[in-house]
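[1] Using only what follows, build the 3D model:
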Amino acid sequence: MSTILKRIPTIVKIIIIILIPVLFVTLAFYWVGKYYRDDERIYPNIMIAGIDVSWLTYDEALNALDLHEFEQRVSNAEVRIIFPDSSGLMIKGDDIRLTNDASLVVDNALSIGRGRGFIVDTFSFIRCLVNETLPFPITPEYDLDILHSIVDDFTEDYNERLMAAEPLIYTDRIIITKGAGQALADAFILKDLAYTGLFTSFEENHPVEFEYVLPETTTDWETLLEIHNKIFIQVVSAELDRTTWIAEEGVIGVDFDLINAVELLNETETGKTATIQIEYIPPEYTKDYLESLIFRDLIGTETTYVHGTRDRLTNVRISSETINGLVLEPGEEFSFNRVVGSRSASKGYRLAGAYVETGLVTVYGGGVCQTASTIHSAIMDTEIQIIEHQQHNRPIPYLPRGRCATVFWGIIDYKFVNNTDFPIRIDFELDSDRMLTVKVYGTIIDDFPTVPLSRLKENDN
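    Model (predicted):
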């Protein structure tokens with residue numbers, strides 16, 4: 001054997017020494033490439049989402065990734081975009097088919113060192129074996145078209161509602177939406193918010209909420225003015241008809257402060273509602289109040305006892321009944337002789353005693369001075385303006401001196417003027433006990449206001 005080796009040339013020996021390791025390495029390279037290239041396991045030093053998947057099959061790698069947490073985050077992913085009117089756009093991860101690319105990543109990890117030829121694939125395996133870790137991330141995936149469709153549909157609906165938001169007019173308030181007919185939500189901004197919010201929610205594992213602010217608009221003066229013109233009612237106080245003394249009903253005013261309403265809308269965020277209070281303004285005087293004033297107050301009253309004969313009693317009765325219920329308008333004059341008229345037998349008057357300058361005489365209507373005296377005594381201490389008065393020249397039995405009034409047809413009259421702002425009424429009553437009572441009704445306001453002199457002069461004319 002040694003003889004044979006000695007016969008081999010040195011160069012051949014060198015070649016053999018070199019070829020044996022080369023052959024060994026080649027065989028080893030071939031065996032490694034052949035064995036691992038056909039293997040269905042991931043090469044070493046490969047990590048997916050921080051998990052070492054070296055030497056794992058496809059299914060083993062998927063199981064090792066434990067995607068349950070990822071799926072839980074998808075279920076919890078939610079973005080809420082709140083609008084000024086408190087409505088909102090809500091999108092969940094499931095709505096846009098939010099998922100992961102784990103299967104694709106595992107496929108990519110398996111493809112490392114495979115499919116590029118025997119030699120290249122073998123060298124790739126060797127590099128994986130000796131190099132540092134090769135990381136593969138798992139990223140979320142979603143359907144962009146669905147996201148855009150959801151946002152576009154909501155934006156269109158919201159803008160239609162905002163543009164059509166008419167002011168709501170109730171009995172006590174007006175509710176108006178700031179920017180109605182002017183402002184619009186921007187779908188591009190909403191899509192960006194939805195995308196950002198969903199993936200922030202996915203990462204933080206809890207819902208994310210944004211407030212959407214509409215572009216600022218100015219107050220629509222014309223809208224407010226139109227509403228004001230629509231609801232405005234001028235307050236009108238009730239007025240008395242000076243002929244019938246029946247009041248026309250007043251009108252309750254309806255209004256709102258236009259200046260304050262503009263300021264309120266200017267301070268309101270676009271898309272939010274502002275509430276404007278409606279004011280109801282009562283009239284200064286109502287129909288019931290004014291009509292309640294007529295003959296409300298007893299201005300004066302007096303009661304006297306009718307002395308004398310039955311004929312004298314008859315004359316007092318006829319004259320008082322003639323005056324009973326008489327109404328004097330403001331500024332109107334009362335004349336006893338004009339109202340009672342002549343005291344004649346045709347009117348039922350009888351002969352009875354009457355005081356004149358010459359003494360006691362018998363005349364038709366004797367005793368009617370008691371009717372005039374009773375009126376005078378009732379009003380002499382009031383603010384009623386007495387313009388013609390003459391007392392008896394001797395004491396009378398039915399009233400103290402100074403409180404009587406004498407009258408005589410065609411010669412002596414008793415007159416006063418209704419110098420109040422309201423009508424007065426004279427009521428007489430003669431009872432069975434010969435008690436003659438007069439009551440003068442009117443309206444006393446502010447210490448008995450009087451009719452201006454100009455009105456008295458006009459009446460005199």
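
[2] can you list the domain ranges for the chain.
    Following automatic domain parsing, the chain resolves into domains at 221-287, 294-460.

[3] From residue 163, how far out is residue 157?
    Using C-beta to C-beta, to the nearest Å, residue 157 is found at 11 Å from residue 163. C-beta coordinates here come from the backbone N, C-alpha and C atoms, glycine included.

[4] and what of residue 208?
    For residue 208, the distance to residue 163 - C-beta to C-beta - is 29 Å.

[5] Between the two, which is the more surrounded one?
    residue 208 (20 against 13; other C-beta atoms under 10 Å).

[6] Could you double-check that the more buried one lies in contact with residue 81?
    No - Residue 208 is beyond contact range of residue 81, at 9.5 Å (criterion: C-beta atoms under 8 Å).

[7] Show me whatever sits in contact with both of the two.
    residue 197 (C-beta atoms under 8 Å, 6 or more residues apart in numbering).

[8] which residues of the stretch 251-400 of the chain score low on pLDDT?
    Scanning the stretch 251-400 of the chain for pLDDT under 70 picks out the ranges 356-359.

[9] What are the boundaries of the strands in the stretch 1-150 of the chain?
    46-48, 51-52, 78-82, 88-92, 99-100, 134-136, 140-141 (DSSP state E, counting those that start in this stretch).

[10] Could you count how many residues lie near residue 408?
    When neighbours are counted by other C-beta under 10 Å, residue 408 comes out with 18.

[11] any idea how far it is from residue 401?
    Counting by C-beta to C-beta - residue 408 and residue 401 are separated by 19 Å.

[12] which one of the domains of the chain is the most hemmed in?
    domain 294-460 (a mean of 17; mean count of other C-beta atoms under 10 Å).

[13] ok now that domain, how far from the chain's centre?
    In terms of C-alpha atoms, centre = their mean, to the nearest Å, the centre of domain 294-460 is set 62 Å apart from its chain centre.

[14] tell me the contacts of residue 148?
    Contacts of residue 148 (C-beta under 8 Å, 6+ apart): residue 191.

[15] if we go to 10 Å?
    By C-beta atoms under 10 Å, 6 or more residues apart in numbering, the contact set of residue 148 is 96, 187, 190-191, 194-195.

[16] could you check the distance from it over to residue 199?
    For residue 148, the distance to residue 199 - C-beta to C-beta - is 16 Å.

[17] ditto for residue 251
    64 Å.

[18] Also residue 371?
    For residue 371 relative to residue 199 (C-beta to C-beta), the value is 107 Å.

[19] same check, this time on residue 347
    112 Å.

[20] swap in residue 281?
    Residue 281 is 58 Å from residue 199, by C-beta to C-beta.

[21] Show the model's pLDDT score for residue 202.
    Looking at residue 202, its pLDDT stands at 83.

[22] does it count as helix, strand or coil?
    Under the three-state scheme (DSSP: H, G, I helix; E, B strand; the rest coil), residue 202 adopts helix.

[23] How about the contacts made by the residue nearest to it when sequence neighbours are not counted?
    Spatially, and ignoring its direct neighbours in sequence, residue 202 is nearest to residue 77 (4.3 Å; C-beta to C-beta, 6 or more residues apart in numbering). With contacts defined as C-beta under 10 Å, 6+ apart, the neighbours of residue 77 are 91-96, 98, 140, 142, 197-208.

[24] again, but for residue 184
    155, 158-159, 162-163, 214-215.

[25] Just the buried ones out of these, please.
    The neighbour count (16 or more other C-beta atoms under 10 Å) marks 155, 158, 162, 214 as buried among the contacts of residue 184.

[26] which one among those gets closest to residue 443?
    Nearest to residue 443, judged by C-beta to C-beta, of the buried ones among the contacts of residue 184 is residue 162 at 59.0 Å.

[27] Without its sequence neighbours, what residue ends up closest to the closest one?
    Distances taken as C-beta to C-beta, 6+ apart put residue 180 closest to residue 162, at 6.0 Å, once the chain neighbours are dropped.

[28] In contact with that neighbour, which residues?
    Applying C-beta under 10 Å, 6+ apart, the residues contacting residue 180 are 161-167, 217, 220, 223, 270-271, 273.

[29] Take those and keep only those in strands.
    residue 273 (DSSP state E).

[30] mind putting the contacts of residue 180 in JSON lines, distance to residue 62 included?
    Below are the contacts of residue 180 laid out as JSON lines (distance: C-beta to C-beta, whole Å):
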{"residue": "161", "distance to residue 62": "47"}
{"residue": "162", "distance to residue 62": "48"}
{"residue": "163", "distance to residue 62": "51"}
{"residue": "164", "distance to residue 62": "52"}
{"residue": "165", "distance to residue 62": "52"}
{"residue": "166", "distance to residue 62": "58"}
{"residue": "167", "distance to residue 62": "60"}
{"residue": "217", "distance to residue 62": "54"}
{"residue": "220", "distance to residue 62": "61"}
{"residue": "223", "distance to residue 62": "62"}
{"residue": "270", "distance to residue 62": "50"}
{"residue": "271", "distance to residue 62": "48"}
{"residue": "273", "distance to residue 62": "53"}
